[in-house]
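Chemist: give me a model of this one.
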Amino acid sequence: MARSRAQRRRVSLGVLVVLVATLLVLVFARDVSRAAHDATTARRSENLSFAALANALITSENQVDARLAYLLAHGGGLSRPVLGARLDQLAQAVAAWPGEGRRLRSPRLAHDVNVELADLTQTRAAAMLSLIDSVERALRLPTSPGADPAASPDPGGTLRATALQWNAERFALVREPGHAHLLATSAQTPGALAAGDLSTLERSRRLALVRGIGIAAVRVVPSPLPAPAGTVIVPPVSRVTFDVSVVNGADVVQPVTLSVSVEPLNGRGSAARQRARATLAPLGGWSFSLAPFVTTPSERARVVVRVAGAPAASGLPLERTYTLVLSPAGTG
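Modeler: Alright, predicted model coming up:
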C-alpha cells in the first residue's frame, strides 16, 4: 500500500528527531567524560605537587631529629662553642617548619591530609624547639630564640605521639589520583633522651662550663708620654680618663663589675674611685668609658684597675696597677 506524502514527511521528521536526540546525548556524554577526566588530572597534579613539597618538609624534620639524636649521643666529644653552634643551626631549621606547613594547607586535598600535616608540623616545631632549649639550658649554653616551654611541656612525648599519628595517616593519598606516597616521620631524639644521653653530656669534661674574664686593654686620655711599663706620664691636665676593655672568655652570659681607684702618693690631688657594671655576651667583650678623674699638676698616684665576676681567663689579668705621673705646670 503506497504511503501518502504526509506520512512520508512524518516518518522523515521522526527520524530527524531521533538523530538530533542521539547527537545531543553523544555530545553530552563526551563533555561529561572530558570534565571528569580534567577533574581527575587536576586532582592528580595537586596530589603529586603536595607530595613533593610534603616529603621535602618531612625529610627536613627527620634530618633534624637524627642530627639532634646524634648530638645527644656523641656531642661529648665537641667543644662548647661547636655544640652550641650546631644546636642553634638546628633551631633555625625548625623555626622554618611552621611557615612551610602553612603553605601546604591549600588547596584542600582528600581526607584533609594537607591540613593534618600542617597542624602536626606546627606542634612538632614547638616541641622540637622546646627540646633544643632544654638541652641548651641543661648544659648552660646560650639559648636559641623561639622556644616556648609552656607550649610543649613534654616535648619528647609530643614528638613520639605526632610521629605515630602522621605515620597512620600518611597513606591517605595512595588510592587517590596520582597514588602519592608520603614519607614517615621519625622520633629518634626522645629515645636518646630516654637512654640518658643528656646526662652523659652534662658529665662531659669538654662541655663543662669554665667561666673566665679579663682586662684586655686600658686606654688613657689624654695620650700618655713615653714611659716605662706600668708608669703613665701625662701632661699637666685637670682631668684624666681611663677607658677599659673587658673580655668574656666563656660561651655564657657573664655579669662583670669594673672598679678603677686613684690613690695619691705625694699629697697632691685626692683619692677617687669609680665602679661600673655590665653583662657581657658569650665570648664577647665590653668597653667601659668612665667619667674623668680630677687631677692636679705634679701629682703622683697609684691607679688600680680591677674587674670581678668570674675567674681570670687564660692569658688575661683581673687587675692592672699603674703609677700615674702628671708633669709640673708649665711643662709638656
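
Chemist: just the element for residue 245, please.
Modeler: strand 239-248 (DSSP states H and E).

Chemist: which secondary structure elements does that strand contact?
Modeler: strand 213-221, strand 254-264, strand 272-280, strand 285-289, strand 293-294, strand 300-308 (3 or more C-beta pairs under 8 Å, 6 or more residues apart in numbering; DSSP states H and E). (Glycine included, C-beta is placed from N, CA and C.)

Chemist: which is the next helix or strand following the last one?
Modeler: Per DSSP H and E, strand 300-308 leads on to strand 319-326 as the next helix or strand towards the C-terminus.

Chemist: what strands line up against that following strand, and which way round?
Modeler: Its sheet considered, strand 319-326 pairs with strand 231-234 (parallel), strand 300-308 (antiparallel) by DSSP bridges.

Chemist: extract the CA atoms of the first one and return them as CSV.
Modeler: The one in question is strand 231-234. What follows is strand 231-234 as a C-alpha-only set of coordinates in CSV (Å, rounded to 0.1, in the frame of the first residue of the first chain):
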residue,chain,number,x,y,z
THR,A,231,104.0,54.1,84.5
VAL,A,232,101.6,56.6,82.9
ILE,A,233,103.0,60.1,82.4
VAL,A,234,100.6,62.7,81.1
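
Chemist: in contact with residue 78, which residues?
Modeler: 71, 86, 206-207 (C-beta atoms under 8 Å, 6 or more residues apart in numbering).

Chemist: take those residues and keep only those in helices.
Modeler: 71, 86 (DSSP state H).

Chemist: what's the closest of the contacts of residue 78 to residue 79?
Modeler: Each of the contacts of residue 78 was checked against residue 79 using C-beta to C-beta; the closest is residue 206, at 6.1 Å.

Chemist: residues in contact with the residue nearest to the spatial centre of the chain?
Modeler: In the chain, the centroid-proximal residue (C-alpha atoms, centre = their mean) is residue 92; its distance is 3.6 Å. By C-beta under 8 Å, 6+ apart, the contact list for residue 92 reads residue 144.

Chemist: how about the one 5 residues further on?
Modeler: Listed by C-beta under 8 Å, 6+ apart, the contact partners of residue 97 are 57, 60-61, 121-122, 124-125.

Chemist: now the helices and strands packed on strand 239-248 in a markdown table, with distance to residue 65?
Modeler: Converted to a markdown table, the helices and strands packed on strand 239-248 look like this (distance: least, C-beta to C-beta, whole Å):
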| stretch | distance to residue 65 |
| --- | --- |
| strand 213-221 | 37 |
| strand 254-264 | 33 |
| strand 272-280 | 34 |
| strand 285-289 | 37 |
| strand 293-294 | 58 |
| strand 300-308 | 43 |
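
Chemist: coming back round to it: out of the strands paired with strand 319-326, nearest to residue 252?
Modeler: The nearest among the strands paired with strand 319-326, by C-beta to C-beta, is strand 300-308 at 16.3 Å.
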